[in-house]
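Trainee: got a structure for you, letters missing:
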């Protein structure tokens, strides 16, 4: 079979079919994975900077007419009102110190006639002796003031089946909890972020929130270096396999 050869001084580059096909498939994939990790590193760095900015920004007072933007994520906030404990959502697969459990979300009604409802992350609670019974999660409906951080519910992996966000049961176990989807399912006017209340707040359970991403930007940069390194190694191998020295033992005459 005729191929293409390129003369480079005393060497000739003459790529064979199967090495070329293999290289053509793998090299773009390795580069794409490297650039993907670079993008992930940029996203994580933006989150770190946003969280750092939240540390020095004055707390946001939530109440009548409050609306949140994307820039308000991780910001400190304070709100006065009362819990609405007729329904609570338990986000499954939350591990604290090696023990399985749930994050408990309870609606909170800020003071003010037109104040949107706020979803409050009260913290972590253990599964208990059996998953057949959800833990007791009483909370008073007294008027209280809460402080905490604004954030989205923790993300999870693959979710199988429909999430029962529309349920009217007292306690609902869910594998995923999206604030906007919950608002649509229940017809609620919910603020876009939940309030992760500070440790020791009224109604609080085990505090379980960290301002640091589980995988920081430096990890993604390390992964990117690995993928790009594999791409370079593949390129070197491809060139080495298909390059012969003129007059050498492995010389192959390939017509252009």
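Mentor: Done, it's in. This one's a predicted model, so the numbers in the text were calculated from it and none came from an experiment.

Trainee: unless I'm mixing things up, residue 230 is touching residue 30, no?
Mentor: Yes. At 5.1 Å, residue 230 counts as touching residue 30 under the criterion of CB atoms under 8 Å. For glycine as for every other residue, the C-beta is placed from the backbone atoms N, C-alpha and C.

Trainee: where in this structure is pLDDT low?
Mentor: 1-4, 50, 53-56, 156-161, 211-215, 247-256 (pLDDT under 70).

Trainee: quick one: contacts for the residue nearest to the spatial centre of it?
Mentor: For the chain, the residue sitting closest to the mean C-alpha position, by CA atoms, centre = their mean, is residue 155 at 5.7 Å. Residue 155 makes contacts with residue 176, as judged by CB atoms under 8 Å, 6 or more residues apart in numbering.

Trainee: Please report how far it lies from residue 91.
Mentor: Residue 155 sits 10 Å away from residue 91, going by CB to CB, to the nearest Å.

Trainee: what is in contact with the two at once?
Mentor: Common neighbours of residue 155 and residue 91 (CB under 8 Å, 6+ apart) are residue 176.

Trainee: Just confirm residue 150 is within a helix.
Mentor: No. Assigned with DSSP: H, G, I helix; E, B strand; the rest coil, residue 150 falls outside any helix and is strand.

Trainee: what's the burial count for it?
Mentor: 22 (other CB atoms under 10 Å).

Trainee: Helices of the chain, residue ranges please.
Mentor: 17-56, 179-186, 217-241 (DSSP state H).

Trainee: how about CSV for these, with distance to residue 86 and mean neighbour count added?
Mentor: What follows is the helices of the chain, written out as CSV (distance: least, CB to CB, whole Å; neighbours: other CB atoms under 10 Å):
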stretch, distance to residue 86, mean neighbour count
helix 17-56, 31, 14
helix 179-186, 11, 16
helix 217-241, 42, 15
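
Trainee: Between these, which one is closest to residue 198.
Mentor: Nearest to residue 198, of all those, is helix 17-56, at 13.3 Å by CB to CB.

Trainee: all strands of the stretch 1-150 of the chain, in order?
Mentor: Under the criterion DSSP state E, counting those that start in this stretch, strands of the stretch 1-150 of the chain are mapped to 6-8, 11-13, 60-62, 76-83, 88-96, 99-110, 118-126, 144-151.

Trainee: any idea which of the ones you listed is most buried?
Mentor: Ranked by mean neighbour count, these are led by strand 118-126 with a mean of 23 (mean count of other CB atoms under 10 Å).

Trainee: So which other helices or strands are in contact with that one?
Mentor: strand 76-83, strand 88-96, strand 99-110, strand 144-151, strand 194-197 (3 or more CB pairs under 8 Å, 6 or more residues apart in numbering; DSSP states H and E).
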